[in-house]
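Colleague: From the sequence below, what's the structure:
(chains A and B)
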Amino acid sequence: EAGVTQFPSHSVIEKGQTVTLRCDPISGHDNLYWYRRVMGKEIKFLLHFVKESKQDESGMPNNRFLAERTGGTYSTLKVQPAELEDSGVYFCASSRLLAGVSGANVLTFGAGSRLTVL
Amino acid sequence: QKEVEQDPGPLSVPEGAIVSLNCTYSNSAFQYFMWYRQYSRKGPELLMYTYSSGNKEDGRFTAQVDKSSKYISLFIRDSQPSDSATYLCAMKVGGAQKLVFGQGTRLTINP
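Modeller: The predicted structure follows:
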């Protein structure tokens, strides 16, 4: 089974520019998550999709961040315009949708997209 | 105050030693407790998860949860150089999807 794929692996942009990160989840995984780790801090939740629907976007920092999951397959996370504090590693994770189960949901993480804003 | 506190280390021990990694938390609603291992330039990989209190063992790894103290631990027996990685604790409320992570402890096992 192929894992969660993210690209680019590293992006360097200037403040004010736009960056789009992409995540391809494991095939058949309806749950898709975005997390972010800012340097020196813990990994923090950004948002959760079930198929193409946003279930929880409580972690999105502000309206400069836009996540989409067209057709319930891959997802993109766009940052526009980027600011210095957006630098960090953006992780995508996916899991199966287990109907009626509220237990531990085993997430598979991608390797992350490192974003550097200069 | 952070919901989950974890000493970032770094922690360096000789090969064969028993390693103890710990997290404390403040949210008493957390019910699922996980330990992830992350190698450099890779994503976090789930090692173990525990529901509520108690112990869980998997090979050289043992996870413990003490909900009364809001304290969780991961023990690694007979540590190997290949165990060198960052270990992250993560927790969630039952039924919720969002994981809350600790900062991660960077561990090095010296041959």
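Colleague: Skip the chain neighbours and tell me the closest residue to the residue in chain B positioned nearest to chain A.
Modeller: Taking C-beta to the nearest C-beta, chain A has its nearest neighbour within chain B at B:Gly43, 3.3 Å off. (Glycine included, C-beta is placed from N, CA and C.) Nearest in space to B:Gly43, with sequence neighbours left out and distances taken as C-beta to C-beta, 6 or more residues apart in numbering or on different chains, is A:Phe109 at 3.3 Å.
Colleague: Enumerate the beta-bridge partners assigned to that neighbour.
Modeller: Taking DSSP bridges as the rule, A:Phe109 bridges to A:Ala93.
Colleague: ok, A:Leu46 touching A:Tyr35?
Modeller: Yes. With contact defined as C-beta atoms under 8 Å, A:Leu46 reaches A:Tyr35; the gap is 6.0 Å.
Colleague: which SSE is the most centrally placed residue in chain A in?
Modeller: Averaging the C-alpha coordinates of chain A gives a centre point, and the residue nearest to it by C-alpha atoms, centre = their mean is A:Trp34 (2.7 Å). Secondary structure from DSSP states H and E places A:Trp34 in strand A:31-37.
Colleague: Check the burial of B:Gly9 by counting its neighbours.
Modeller: For B:Gly9, the count of nearby residues is 15 (other C-beta atoms under 10 Å in any protein chain shown).
Colleague: That one and A:Gly88: what is the separation?
Modeller: Separation of B:Gly9 from A:Gly88 (C-beta to C-beta, to the nearest Å) stands at 20 Å.
Colleague: now A:Asp24
Modeller: 20 Å.
Colleague: Ok, A:Thr76 next?
Modeller: As for A:Thr76, its distance to A:Gly88 is 17 Å (criterion: C-beta to C-beta).
Colleague: Neighbour count for those two, which is higher?
Modeller: Neighbours per residue, other C-beta under 10 Å: of A:Thr76 and A:Gly88, the larger number sits with A:Gly88, 20 against 14.
Colleague: For that one, which non-adjacent residue is closest in space?
Modeller: In space, A:Gly88 is closest to A:Val38, 4.1 Å off (C-beta to C-beta, 6+ apart).
Colleague: what's near enough to touch that neighbour?
Modeller: Applying C-beta atoms under 8 Å, 6 or more residues apart in numbering or on different chains to A:Val38 gives the contacts A:44, A:85, A:87-88.
Colleague: just to revisit the earlier point, against chain B, how distant is the residue nearest to the centre of chain A?
Modeller: 11 Å (C-beta to the nearest C-beta, to the nearest Å).
Colleague: Alright, that wraps it up for me.
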